[in-house]
Structures are given as structure tokens and as C-alpha cells.
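**Q** Got a predicted structure plus its sequence, pasted below:
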Amino acid sequence: MSTVKKMAVALLVLCAVFSCMEKVVDSAGVDCYDACNTGCVQSNTRLYLRCDRKCQIRCGPDSEVEGNLE
């Protein structure tokens, strides 16, 4: 019976170690321009270009998408 307990404890320790090694990939917002431009679905070319320009302004190099950078 002690062998089964040792194996169970070893398995729990391995599970704890491997669960700490998991990497979580955050795919949302990786590319601000791509995420914004995906929402610019318009049948009218003028409206699409207007939305695209807003995305360029919102996600440009001077934008503060990451938060307050003061």
C-alpha cells in the first residue's frame, strides 16, 4: 500500500511541476491594426477607407494602446 501512495504523491508532484510550465498565449490585441481593420467591413469603399484611416491613427506609432505611458 505504501508503494501506491508514493506513486500517487510522485504523480501529484509531477502534475504540479508541469502545470507551472504551461504558457498562455494571448492572441487578442497582438496586432492592433489587424484587429481594428478586421472590423472595417463596408460595402462602400469610401466608408471602408475612412474606417481604415481611423485604425491607422488609433494603432499608429504615437498611439497609447498599451495604456497610459506618462
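**A** Arrived safely. Numbers count the residues shown, from 1 in each chain.

**Q** Where does the prediction get shaky in the chain?
**A** For the chain, the stretches flagged by pLDDT under 70 are 1, 21-30, 63-70.

**Q** Let's see that with 80 instead.
**A** 1, 17-30, 61-70 (pLDDT under 80).

**Q** mind listing what's buried in the top helix by length along the chain?
**A** If you go by DSSP state H, the chain has its longest helix at helix 2-20. Residues of helix 2-20 classed as buried by neighbour count (16 or more other CB atoms under 10 Å): none. Any C-beta I mention is one placed from the backbone N, CA and C, and that applies to glycine too.

**Q** tell me what the helix or strand following that helix is packed against?
**A** Toward the C-terminus, helix 2-20 is succeeded by helix 32-38 as the next helix or strand (DSSP states H and E). Packed against helix 32-38, as judged by 3 or more CB pairs under 8 Å, 6 or more residues apart in numbering; DSSP states H and E, are the following elements: helix 45-58.

**Q** helices or strands next to the helix it packs on in the packing?
**A** helix 32-38.

**Q** circling back to that earlier point, could you say what helices and strands the longest helix of the chain packs with?
**A** Checking 3+ CB pairs under 8 Å, 6+ apart, helix 2-20 ends up next to no helix or strand.

**Q** Let's see it as CSV, backbone CA atoms only.
**A** Extracted in CSV, the C-alpha atoms of helix 2-20 (Å, rounded to 0.1, in the frame of the first residue of the first chain):
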residue,chain,number,x,y,z
SER,A,2,2.9,2.4,0.7
THR,A,3,4.1,1.9,-2.9
VAL,A,4,0.8,3.1,-4.3
LYS,A,5,0.9,6.2,-2.0
LYS,A,6,4.4,7.0,-3.1
MET,A,7,3.4,6.7,-6.8
ALA,A,8,0.3,8.9,-6.2
VAL,A,9,2.4,11.6,-4.4
ALA,A,10,5.0,11.4,-7.2
LEU,A,11,2.2,11.8,-9.8
LEU,A,12,0.8,14.8,-8.0
VAL,A,13,4.2,16.5,-7.8
LEU,A,14,4.8,15.9,-11.5
CYS,A,15,1.4,17.4,-12.3
ALA,A,16,2.2,20.4,-10.2
VAL,A,17,5.5,20.9,-11.9
PHE,A,18,4.1,20.5,-15.4
SER,A,19,1.2,22.8,-14.7
CYS,A,20,3.6,25.6,-13.9
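
**Q** Fine by me, we can end here.
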